[in-house]
Every structure is written in C-alpha cells, then in structure tokens.
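>>> Below is the sequence, then the predicted model.
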Amino acid sequence: MADNRKIYGMGAEFPSATALFQAAEKVRDKGFKKWDVHSPFPIHGMDAAMGLGKSWLSAVVLCGGITGLLTAVVLEFYPSIIEYKLVVDAKPVTLATVPAYFPIMFELTVLCSAFAAVGALLVMNQLPKWYHPIFNWDRFAKVTDNGFFLVIEARDPQFSETKTRALLEEIGGAHVTLVHD
Amino acid sequence: MKKIFQHPPEPVNGKKYWRSLDEIAGTPEFRDRLKREFPAGADEFEAGGVSRRSFIKLMGASTALAGLSLSACRRPEKHLVPFTKSAEWEIPGKPLFYATSMPHRKGAQPLVVTTVDGRPIKIEGNPGHPASMGTTSLFAQSSILDMYDPDRARLFRERGLESDSTKFDAYLTQLTGELGANGGDGLAFLLEENNSPTRERLRQAVIAKYPKAVWAVYEPLGNDAVVQANKDAYGDDIKVTPKFDDADVILSLDSDFLNFEEGSVEMIRGFSKRRRVGRPEDGKPDMNRLYVVENRYTITGGMADHRMRLPVSQIGAFAVALAEKIGVDSALDASLKQLAGTPSFDGQWLAEMAKDLQSAKGRSLVLVGARQPEWVQLLVGAINAALGNLGKTLVGTASDVKPSLKISDLSLLIQNKQVTTLFIFGGNPVYNAPADLDWATLQKSVPAVIRVGLHEDETSNRALWQVPGTHYLETWSDGRASDGSYVSVQPMILPLFGGWSELDILARLLGQPKPEGPELVQDTFKLLAKPADFKSAWNIFLHDGFLKDSQLNESALTFNAAAAAKFIETNSSNPAAGNSYEIVFIGDSKMDDGRYANNGWLQELPEPITKLTWDNAALVSVATAAELGMDVKDHLGKQDFDTLEIKIDEKRSIEIPVLIAPGHADNSITIPLGYGRVFNGNIAKGAGVNVYPLRTTAQTYFAIGPKTMVKRTGNQYRLAITQDHHSMEGRAIVREATLDTYKETPDFPKKMWMDAEILREKGPDNPFNDGSNASLYRHPPLDAPNQWGMTIDLNTCTGCNACVIACQSENNIPIVGKEQVVNGRAMHWIRNDRYYASVDEHDPDPEMVMQPMMCQQCENAPCETVCPVNATVHSTDGLNVMAYNRCIGTRYCANNCPFKVRRFNFFDYQQRPLDKLKLGPLTEKGSPDTLKMQKNPNVTVRMRGVMEKCTFCVQRIQEAKIAQKVKAGASDDVRVPTDSFQVACQQACPAEAIVFGDIKDPKSKVSLLKAQEKNYRLLEYLNVNTRVSYLARLRNPNPAMPDAAKSAAFEKGLIHTEEGGKA
Amino acid sequence: MSSMPTEEQKAAVTKIPLVLNDRPLSWITDKVSSVVEERTPFWWWVSFMVTSVIAAFGLFCIGYQISTGVGVWGENHPNGWAWDITNFVFWIGIGHAGTLISAILFLTRQKWRTAVNRSAEAMTLFAVVCAGIFPGIHVGRVWMAWFLAPVPNSNGIWPNFRSPLLWDVFAVSTYFTVSVLFWYTGLVPDLATLRDRTNSRFKKFLYGTFALGWRGSNRHWRHYEMAYLILAGISTPLVLSVHSVVSFDFATSILPGWHTTIFPPYFVAGAIFGGFAMVLTILLPARLIYPQLKDVITLQHVDKMAKIICLTGSIVGYAYLMELFIAWYSTNPFEKFTFFHSRFNWDGTGYYQWAYGCMMFCNVVSPQVFWFKWCRNNLWVVFGICMLVNAGMWFERFVIICTSLSQDFIPSSWHIYHPTWVEQGTFLGTFGIFLSLFLLFMRFLPMIAMSEVKIVLPEADPHHHPHDEEAHH
C-alpha cells in the first residue's frame, strides 16, 4: 500500500514474552537507538535487554519529599514561634515538645512525594498522549491483551525499509508492518 | 455554608434615613433638612468635598443617637440617685448601680441593682447593709428574670375581656364612691405578707376611711405557729431572732435555718462565721457544733456534726424528752407528764446532746422549724429559757406589723356573704389556699373580685378585674429588712407592661390620684425619719438604700411558762410513732410556694439535695421505698421513676413520682409544694405536680393519721436529674476530717489518697518522684501583673445554689428545658456536686457533702492542647480563655477536661423555643425582647455548636484592668489593686465561701487562704495545676455521742498515714 | 528493591499456581473484562437501588443534623463523642486493608496480592470517603470547619498543630489522596485494555481519556514500575501512620481508658484485622456472582487472608489483655475503675459490659477458628467470621469511646449515652454510600488488575521453562 504519508517506523509482532525478549537483545546489539517494545505487562529484565539504565524517577520523588518536609516545618514553626505566640497547655516550643509536630511533617512529606512520583511518571513518559502513530496499526490493539510488539522508528539513523524488515523477520517477528504517521 | 450575621434591628427612624439616602441625597429639601439636623455636617456637605463615607458617618451618628434615646426611653423620669459615688449621670454602655430591696415575707432584702442604658441586668446584695453585706439569696438573684418574664400579664381585663387602665381607674372612682357611702361594707383585702411601712400606713388610712373593711393576709409558707407562740410566751408583737455569733452548740429541730427559715442570708452568714476555722498556729481553731434532728436531708442537715433522722411528727416527742432531760420551768411539769410517751429514737443520742447543750448554757441555741405546731414552739422556748439563751443567743425585737385576719377567717366571711368587693393583691389563693376552704368556689361567690398580679394565673381567671401588677424593680415602695431597718424600694425602669402596684390602688381607694412617683413613700419616710433637711436625707436614703439606725429596738425576752403550760395542756396532741406514713409538705427550695414557677433559671436549677430539675418528687427513705415495693438499687442512666398515689382522705389524692432520698426518716414522705401550676406560663407549664390539694388548714405542714394512704401506682415518670451518681467511689474529691484531726495534722488534705503518693519523699520505693510532681519541660512564664485564682471553703459552703444563679444571670447562660436536662445537657457553669459518704454503703444515715465545681482554670490545661483551632488558650494572667467565635465545636476539649465543667450548645438554646429544639430551622428564630433586655452586654451570647465554660467572669476582670490602666496612664502601675472587685459567684455567696483574687499578691484574701494547710487542689496527680483550690471540710463531732465514730471513720479511709498504708 | 522473600513465602507462591488451570493471557483479559462488558445484570440494578436509597437516607440524616444541631444526636455531657467518632475510626480502620495489600504485600513480593489488590484498594477509597464524613459533620459549626486549614483569618488565630484532631485532618486527607493516586496508577494499563476491546465510540473515548494513551511501551513500563514501587514504598509507612494518628486522638488525651501508649500498634493491628474481614465480606459474594473469577481469586487467597485475620485478631486480643494488665499493674484507681468497673462491670457500677462482651467475643474468640484449615477453606465459615469481626471492630471503638467518657474522674458528672435514630440513620447511610460506590466500581472498572495478574503467569517470565515457575531473580 504505497501512499505518501510520513513513515513513523516499522513494527513486528512476537508470539511470547520470551520471543520478544530475545528479539530485543538482538536489536539492541545491532545498535539501534530509536526503537521500543510493547507488551501487556512489564517484562522482567527487558530494560537490560533493551540496554536501558535504571529509571531516575526516584530522584524527583526525593526532591518532592524534601519540599513537603520544609513546607511543614515553615507552616508549623513560623506561627508558633514568631507570628502567633500562644500559651497552649503551658507547653513551650522546645526540643522537648517538637515530637508533637512530627505527624504533620510526615504527612506533608508523603503527600508531596506521591505527587512528585505521579507527576514525574507522566512527564517522563510524555503522557497523556492520546494520539500516537502506533495506534494506526490495526494489530496493535492486542498489546493490552496478549500481543508482544517491537517497533523501530524511522528516525533511527540505521532505519531502512528493506534492511529493517529483513532484520525483524530474521529475529522471528511476524506481521512485519510499516507504520505510518 | 455561608454564615448570615444577625445584626440587631436599627431603630425605625434610623432606618428611614438610610433608605431615603440615595433617593434624596443632593435634593435641596434634603440639604436644608440636613442643615436643620447637622449644621456641621451640612457645611461639609455644601463644601461639596464630602465623600459618601464621611456622610454615612454622620448618618450613622444620628442613627446611634436615635437608638440611644429609644433604648433609654424607659428610664423613669423621676430622678433616682445613682449608687456610684461619682456625680456623673449615665454614660452610655457604662453600668449604673441603684440601691433598692426585694420585699419578702421574711423581711425585705437590701439590694444593689446594676443597670445598663436604663435596663436592670443584674442584682447584687447591698454591701452597706448589715443584713446583706453584699451577699444575696437565690431568689433575689433570680428575681430579675421574673421582671423580664415574657408571660407576665400585659392586659387589664374586665370579666376576662380586654380593657385598659383608664376604664379601671374609672371603676375605682365609682367604687370609692359606693364604698365611701356605706363605710366600706363588704370590702375585703387579701394580701401577701409584707412589712412595708407605707403599705401599713395606707392600710390604717383605708381602715379609717372604710371602718367595715376587712384586711386579711395569706402566706402558704407562713409561720403563724411561731408568731402565735411568741405572742403567748413573750408578749404581743415580739419577733425573736437567733444570734449565732456566740452560739457554740446549736440544736436544730426540723429547722432548715440555712435555707428556708426566716432571713436565710443573715442566718447563713452568722452561722458560717462560726464555721470559718483559722490556722492552728493563729490561735486555737474553734468552730460551733451543730446538731440536727430532721426527717429529710436539708442543706442544714448537710452541715450538721451530728444528725438524727426523725419523722416530723416525732419532733414534738423529741422536744418533750429533751425538755425533761434539761429540766425546764416546773410550771410545765404537768404538761410534760401528759405528753411523755415511749421515745422512738436513740435515747443516748439525746442524753449526750442534752449534756452538751447544758455545758454551754447561754452559749447554746435550740431552733425549731416553723412547720412545728405551736406547743412544740413553746416547749423549745422553755428549753431555751432553761438554757439561759434568752437575750443572749435569742434576741427579741418589737415588730410594727399589726396582726391581720387569716385566710380561713376571710373564707368564713365570704361564706356568710359578708364580702362583696374583694381585692386580691399578689398571691394566688385559688392555687395555694388550703384545700378544705375550696377557695375557687368561694371566690366565684364574691360579686366583685379585683385581682392585681404579675401573671394571669389560676386566681385571675375568676376575677371581675384582672390588673397587671408591678414587679418590685418597677415600682416605688419600702420595707423592713429582717433586722427591722427601714429600706427603700425604688424602680429601675418604668413598668414594662404598664402595671399598677398595690400602693397605687390603695392610694386611689383613699381618693388620691395614682401616684406618679415616690410621694407615698416620701410621706412615710418623713414620719419615720423626721428629717431636718428632707431633700438631702431622702437622697441619702435612696443612695444607701436604707435608713441608718432604723432597726426596731430590742425588747427583753422573758418566757411566760404559765401561759405556755396552759396552752400546751389544752391544745397539744402528741401523735404516737405509728407505722402509718406521715406526709410532710415543704416549701420548695426553688419554687418557694409556687410564686417562681415561671422562672426558667429556678425551674432548671438542680434542687440542692436531690439535684432534681423541672419537677417535684416525693422523697422517701430506702426502707420505706422497699416497703412500698420499689426497686431500691439506683443504677447509672436511670431516668424513669415509680410514681406514688398519696391519699389524705377519700376526696384528696395526688399521683407523684418518688425519689429515694438517702438519710430520709422511715415512714415519712416529703413532698415539695409549688409545682403543677396551670396558667399560660410557658416555663411553668407541665412542671411537676400540684400538692396543695392535699393540704388543709388543720394539716398545714404535715399530715398523719389512719386516713393517709400511700401506694405504688406502677406507672413510671421521667425525671430530669443532673447528678446520676452519688458516691465518690473512694476518691478524695471532697476532703474532710474532724476538728481534732485538723489540730494534730493541719495539712491532712495533702496527706490524703493519691496526693500522699506525690508528696512522698524520694526514696528507694519512690525513686523518681521528689514530691514536686514536676513536668518534663519548663512552662512558659505567666507574667502578667495579676494572677487570678480562687478558693472555695467547703466548711462554710452550704450548697444553697445562689452562686449558680448569680453566674447564670451574669454570664447569659441559657436554660435548655427538661428534655435536654434528661439528656445531660444542662448548661450551668457552676454545679454543686453533692455526695453521700458512709463507711458502710448500706448505712441509712450517710453523711452528705457539697462541692461547688466550676472550671478549675488549670495552668496546664488539658483542654487547650487538644483544640485543633486554638479556640481555647491561656492568658498571661492565668485564665483558661475561650474565643467563642473561633470555636468550631469538636467537643474534644470537654472530653479531655478531667472536671467535666465545659458546656456545649447542642442546640440554639438562645434562639429557638425550647420545646421545639428538634425542629431547628423550621421554628421561629430569636428570643423575646424582654429576655434580650436582661442580657449582660459585656458577655457574648453563645450560638449553637459552641463550647462554653466559666471564665472567672473575664468581663469583670477586664473592666478592672482597663480602669486601672486608665488610672495608670503613662506609669507602669497596671496592677489591679488588691481585692478591688469580685466575681459573680463570690459576690452572691452568703457564706462567703468563694474567694477570688490575685494569687500573686501576698496580701490578697485568696493568697492568705491558699497559704492555709487545709487548702488542697483536685486531681493533683494529673499535674494540671489548677488555679481553683478547696479548703477541706471540718466536722466537730462530740466524742461522747454514739455516732461520733462515723466522721472519724470516714476520714480514716482516705488519710494516708506515715506507715504508707490506709488506716 | 525491598527484602527478599523467605523460603516459606516462595513455597507458598510456588506450591499451587496463583491462577488455576493454566490459563493463557487472553483468558485473563476476556474473563475480567467480561464483567464490565456484559449487559448490566438485573441483580445489579436491584442492589444498586437498595443501597442508593439507604445512602440517600443517610444524607438526609446528615442534612438534618447540620441544619438543626448536634443535639439531634444522643451525645451529652460528659459523652462529647459517641457514634460519630466510633464510626469514623471504624471506617478508617476498614480503609487500611487495601493500601496494605497493595503496598506492603507488594514490597514483600506476595504475588498472590495481584488477584485482590484492585478491589481492596477501591474498597479502601470508599471506606475513607465514609470515614471522612464523620469528623466533618460531628463539629458543632460545620460552616466554620475551614478554621482547621492554616489560612490567615479574621480571628488572627492559627491552627493548633499539637492537636491530634489537626493531625487527623492532615493524615486522613493525605491518605485518601495518595491512595487515589496509587489506585489510578495501577488502573491505567487496564483502562487501556478496556479501551482497546470496546467497540462503542463513547466507551472508547471515556476509557481512552483515562488511559492517557497508554501503549505498553517498555520505556514507559520502566518508569511506571519505579513510580509504582515508590508509591508502594511511601504508602507503607503512611498506612501505618494513619491509624497511629487516629489512635493519638485517644492516646494523647488524659482520659482513663484513652491515655494508653499501646494504642498505635494496637489500632494498626485492629485496622488490618477489620480491613481484611471487610475485603473478604465483599469478595466472597463477588466470587459467587462471577464464577469466571474463581480461578483468579482462589481458595488460596481466602486461606491466606483468613490466616492474617487470625494473626491480627490475636494481636488485638493481646492488646486487650495487656490493657487490663497495665490497669491493674499501674494501681492507678482511675485506670482500674475504667477497665474493671465501667467495662467489666465488676460490681454493678458499670453499664457497657455488654458492648465489652461483644467486642471480646467477636474480635478475640471467633477468629481463633481459623487455626483450622477446614474453617479457612469453608467459605461460609469464613464469611460468618468476617461478619462477626466487622461488628466486633465497631464495638471496640464504641467501648473505647463511650465507657471511658461516661465514667471518668469526677463521679458527679457521670452520665450514660443513648443513640438517637439520626445517629443510627447516618451510620446506616454510610453503608449505603460504601456499597453503592463499590457496585459502581464493579460495573465500570476491572475488578482485577489484569496486567498485574498476567505478570504472575508462568508465561510472563522471559526465561520461562516448564516446571520452574519461580519468577524471582
């Protein structure tokens, strides 16, 4: 089907997680950069198979947590020590009584960490993204059921319609298809 | 949800300005109108540069002024002399104090009334008068609410149809004519007892003008027997008053002199003076000894060192036995023989007690209740004579009240159709006249009945004329205090509902015009005082509230034994101690004879002993209850109580709920009078049972005989009782010991119970506690110049409840209605806890102790730390303060309050009708205007959903502080002077048991008291550091008495001996 | 990653397959999705009608109480709290199982959780919704509740950060928010599944929107797994903290019966206890209605949860006894009175002994039957015990609150509390709300986390060889 739509990339379907895993290792060794695999569930060890490092999302969460903690500290101690000094139950605001302020520090830390985690997840995955060229591939609907796919993008320098197709078929991909934008 | 702010309605004329503002602003006619009203503002306006804001400021000012003149328009035109020393006339918002007095059958009570902008809002005692010394009784405190009662009679009614004062005036004119013609034939007056000299003067005048007129006085709780006995024993018009100052040993025979007998305020003060025990090192601590013989626990019985429960009908027998033991005038021997019977009481008790009395000849005092028949009164007189108390602890004064007819005499005249025109001033005979008179029918048979009363009540319904009466705060009059001194009654406000006073009507009957002002009283004053310079003398009289040195002169008392013997032999009857129940009628400690039935404060006030509100109930002993087949086990959460049917004879019977009263005499049933009113009083409606139908002329105060029948009906009735549990569960909350223990170990309260643990020295068995009960951290300093604190002397507090009402009227505390009290939602900021204490819990003779409990103002207040919004925090002068408009009502503070003194507004008690609280927004909002007028403007009226509690009358503290700051000016002398003001409960307390002041100031009363060894604080072990502390109670038992061991045993249970164990 | 699983755990995981009958991936997808995709069954309409009517009545009671005053409840002096806070703690407790299963069991590699965590989390959210109602409405002036928030206001007063109630506000709201995030994160891949299966444009649009364009890319899974792990990591201390904070409401007060250091662990144990009971109460009927789920929610799951109930029940029982012991050991007369008189009614001075009895029987005695395998595997027994536990946990809170308040330091102020129809109606109403929400959830969202269940299938393992299903490295 020759048409003049921009090519997004080329995808192939694999029968099982195992097949996809081995395929990924091969593609990785071929030195492809702009490619991805799609599966109904995270496949254990796939990151290594694709040559990806550890996610650095945790760093963002740490920052979130610290922000929360500081907010709590300011929120609690600024008024109690500077702004609204009140004698409550004859309790001073000293180290001896600081534990009374821990619960709220803790809660705010957790709250901000959680927001950071989810926020970072969306940003790093560039979600939400309701349109994606891959959805144009009719077979791809299976990816959320039992389909295993490997897609090499046209942006990849090594990409060539013929060679890539050959490679995908060689590593055991079925239904090798050119995915248009 | 958006909060809608309820602004007070602006005066109408003020409103008009606002509305017309936009329409007519700028129009020429508006300008010159403005010129007329506000020249200054007008200029500014014409200058053109006026901003709308500054213009509205002017208008606002005018509105304010208008409002002021409106709210002030009720102030009497006649000049009253303010009690304040200052020559200033009224300053808006600042209170003025006027001296007056409250007329009462027991003698007028000298008062000082606080008025704000022409509204009386609070009643205090007159500190200048010896009969008050600034303290007041329960009834004086609550009488302000009676004046503002929205259910008061507002209309003149002729034959029940609406009329007006002019018509009534015309009627009086015509009547005066007719009566003048026939010399007052068929004219009769029925009045309440009142010793007003003016009324007496007018009475003489009326009798002079209408020789055939009849003058009768009726008091349901009168003391005819006493008066008669005094007449026989001491001679005409002699009034006998006890003097407690030198009475070391007191015996009370069925006399509740601390609550109900004549002039209780002075009685309490006189008595408590001899109960206030100093510190051992300041000389030998000494107190009087009180023996009480009574059928039920009264607050007097609660103060007793030895108490015997004895049926009222047996008091006579007791007096006889006592007279024999003591050996009275030989003239009485015959009568004693005639009366002698087999005593039904502990002879040893009596013997030892008699010895004690004899050992204190001239320094002893035997009192007998007014409810006892005349022969008993005479016997007691003889006993006092034998003990040489006459002229010493009992003094006689000449009384100037001429005797009047009794209601029984009057009813005879009516039966014989000799009465055609009957004036009924006050009172309520249809409700409370003796049942055998059948007054309702009698009154119908009188052609013309003119009734002057505060309410349209049972009696008004059958009157030809119903005339709205005046409250004593609305009218000019005078009276004599219980010590006989001449006191003024001056109005604080014009009659709210245009009523007439009895003096007005008497004046009209004398052909005079209705007095506009004090003319009548002034005439009496001239006669009594014979002033050189009338004007200034009169002013001083009004200013002080009484005439100096006007007490009636003392007259020597000589007991006329012969006359007494003669009377006793002919008239005495000594009912044997049979098994038939005796029915005892007592005046209710809140409703009196029923006159206060529509007073919400009093209806909701817990009865001092039973803690019962909104109802009356028959009281019986445990044994009697068991005999009647009741469940004697009282368990927590009990709300429904058995009812009894009580029959005096075939015709007369009532059904009334019954309460088991510890310490009550067996075979005796006590019923309080004054309930079950049927009239359009919203408060009185449905409160209690009317007992008067059982009461006859012959059996005024108790009924006994084969005809009295009592049985359980099997019905249940719901009672609202504020205290469910009656035992201290062995916790040293009220601490007491005998005088002897106190002498050995003055600091016994600190050695009691858990406090002993705290105070123990650090040692092997107690490694951590060094006796300081220390905190983990250093507390922030409370560094204000004044530090407020309070002590309550449990040895003088009788539990009379005056403080509760004083607090209620000072702090705008709402009443909540019976159903809410049943749910445990009463709002009182002070409650009087009453505990029964006995070593053996089945002891039929438990001791009774009282303890006023209000916010203890903890320095380490547990309520503060739990409030999520900081609505309750600490002030630097040591108050646990509430920010009502910050409170969101989590009730966490109340949960965490160890004293449970915080009160929550579960409903909009101040705004909604109490019988429809559950309909909430569906009911009309807002309280009656008159009730609003009573509110203290310096205290927030709390809304629904807000927590409230005692704040040590913070408004009074602030007033004092501000005044001092003004005085201090630039200087830093902002410390409020020592004991320069009082809080409401302290000011009211007749026993002066409550002392408030600056604990930082070593010279203040409260500091001195806190320095006493017997001063202790509650729940010390919690380290809440309360600012309120109690002076432990002392008892002075006679070691020779059979029951002497009891008090000792009780204290032993709690005092922690050196051995470390409980003795 | 967190601790390695112990040998027993491995054994537990490997002995019986988590999904029976060796089902393929698509089978999971079909069966789970079918629940959502099939026509709305009749029973659903009926039960939804009933529950929503009950919920409506509850809302009416709340409206009445707010407009008229807390007085329409039975509370009084000294019982400032009663059913309101009892119900709050009850629901919050139930709201713990979900996050616990999702978080703690995730960290401890309890793979069997995958079958139940979705519905358990949903249940958590709905329980917290119900719980949140009570502290909200129990205050006297609801319209002033914003004073709780740290915002400057006309009174110039700041909230009191030392008040346990303020801790509650932060803890509960945080807990709810984090649970929602956690739950939704888990939902995204399954929403994508529904999106891809449905043919109706509308549903496609709806599910698609919430699926955020999920396409199972491994570059996404990489961050996703990290985020999920971290959420599990922070939810674990959170879930423990929430009930501790709730217990502080009592523990930090000075009231005998409240003032107890044992409360935080004891409350958390109780929460897990009650929470699991409620999970089973919900899942067993669901399993009955949807037989196709039987291979996913297996007897093994029920058995494991029964064991947890037995364990936590015993912990709670230990706490009860320890309270009694300490009361006796402390020799503090107030403590002793609260426990032995008010609760036990040693000598007739108490009133609430019946409540104490219910609590003891339901929470301590009844779960002991789970020592026997037969009881753990007989669904009727399990269901019955769970019902008892639900009731028992409510009574626990009632006993703690009411016995302690009604008889405290000063005997003169002792008073008994009686509930009114409004309180009862409100409590009933929260059940209506809870069940209605759960029915909606069953109807429109996958009850079982498909993508997670797929992971535990043997074929999910890239190095999958027969007879070696140990999935962990």
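It's in. Here the structure is a predicted model, which is why all the values come from computation and not from measurement. Residues are numbered from 1 along each chain as shown, chains lettered A, B, ... in the order given.
>>> Please identify the helix or strand for whichever residue of chain C sits closest to chain B.
Each residue of chain C has a distance to chain B, by CB to the nearest CB, and the smallest belongs to C:Gly140, at 2.1 Å. Where C-beta positions appear, they are placed from N, C-alpha and C, glycine not excepted. With the criterion set as DSSP states H and E, no secondary-structure element contains C:Gly140; it sits in neither a helix nor a strand.
>>> quick one: it and B:Ile888, what's the gap?
Distance, C:Gly140 to B:Ile888, using CB to CB, to the nearest Å: 7 Å.
>>> ditto for A:Phe41
A:Phe41 is 49 Å from B:Ile888, by CB to CB.
>>> do the same with B:Phe139
The span separating B:Phe139 from B:Ile888 equals 39 Å under the rule CB to CB.
>>> And A:Leu57, by the same measure?
41 Å.
>>> how about the residues of chain A near chain B?
A:Tyr84, A:Leu86, A:Val87, A:Val88, A:Asp89, A:Ala90, A:Lys91, A:Pro92, A:Thr94, A:Ala96, A:Thr97 (CB under 8 Å from any CB of the partner chain).
>>> my guess is the first one meets C:Gly156, correct?
Same thing as A:Tyr84. Yes - shown here, A:Tyr84 and C:Gly156 form a contact pair, counting by CB atoms under 8 Å, at 7.2 Å.
>>> Give me the more crowded residue out of the two.
Neighbours were tallied for A:Tyr84 and for C:Gly156 using other CB atoms under 10 Å in any protein chain shown; the higher tally belongs to A:Tyr84 (16 against 10).
>>> Kindly state the pLDDT recorded for that one?
Per-residue confidence at A:Tyr84 stands at 77 (pLDDT).
>>> mind pulling up the phi and psi values for it?
Taking degrees, to the nearest 10, you get phi -110, psi 80 for the backbone angles of A:Tyr84.
>>> now swap in B:Ala99 and tell me
Comment: the main-chain dihedrals of B:Ala99 come out as phi -90, psi 140, following degrees, to the nearest 10.
>>> any idea how far it lies from chain C?
In this structure, B:Ala99 lies at 38 Å from chain C, with CB to the nearest CB, to the nearest Å as the measure.
>>> do the same with B:Cys985
18 Å.
>>> residues touching C:Tyr266, list them.
C:Ser247, C:Ile315, C:Val316, C:Ala319 (CB atoms under 8 Å, 6 or more residues apart in numbering or on different chains).
>>> does the last one sit in a helix, a strand or a coil?
In three-state terms, and counting by DSSP: H, G, I helix; E, B strand; the rest coil, C:Ala319 is helix.
>>> can I assume it is in contact with C:Pro264?
No - with contacts defined as CB under 8 Å, C:Ala319 does not count as touching C:Pro264, sitting 10.5 Å away.
>>> For the closest residue to C:Val239 other than its chain neighbours, report the pLDDT, please.
Nearest residue to C:Val239, sequence neighbours excluded (CB to CB, 6 or more residues apart in numbering or on different chains): C:Thr99, at 4.5 Å. Confidence per residue is given as pLDDT, and for C:Thr99 that number is 84.
>>> same thing with the one 3 residues further on?
C:Ser102 carries a pLDDT score of 80 in this model.
>>> same deal with B:Ser137?
At B:Ser137, pLDDT is 89.
>>> ok, it to C:Gln110 distance?
With the distance defined as CB to CB, B:Ser137 ends up 76 Å from C:Gln110.
>>> what about those two, which has more around it?
Summary of the neighbour comparison: B:Ser137 and C:Gln110, criterion other CB under 10 Å, with B:Ser137 having more neighbours (25 against 17).
>>> ok, that one to chain A distance?
Using CB to the nearest CB, we find B:Ser137 at a distance of 39 Å from chain A.
>>> Likewise for B:Lys1003?
In this structure, B:Lys1003 and chain A are separated by 26 Å, where distance is defined by CB to the nearest CB.
>>> can you check C:Phe263 too?
In this structure, C:Phe263 and chain A are separated by 14 Å, where distance is defined by CB to the nearest CB.
>>> residue contacts, that residue?
By CB under 8 Å, 6+ apart, the contact set of C:Phe263 is C:Ser247, C:Phe248, C:Phe250, C:Ala251.
>>> tell me which element the residue lying closest to A:Gly11 once chain neighbours are set aside is part of?
In space, not counting the residues next to it along the chain, A:Gly11 is nearest to A:Val151; the distance is 4.1 Å by CB to CB, 6+ apart. Counting by DSSP H and E, the element that carries A:Val151 is strand A:148-153.
>>> Please name the strands paired to that strand in the sheet, noting orientation.
For strand A:148-153, the paired strands and their directions (DSSP bridges) are strand A:7-14 (antiparallel), strand A:35-38 (antiparallel).
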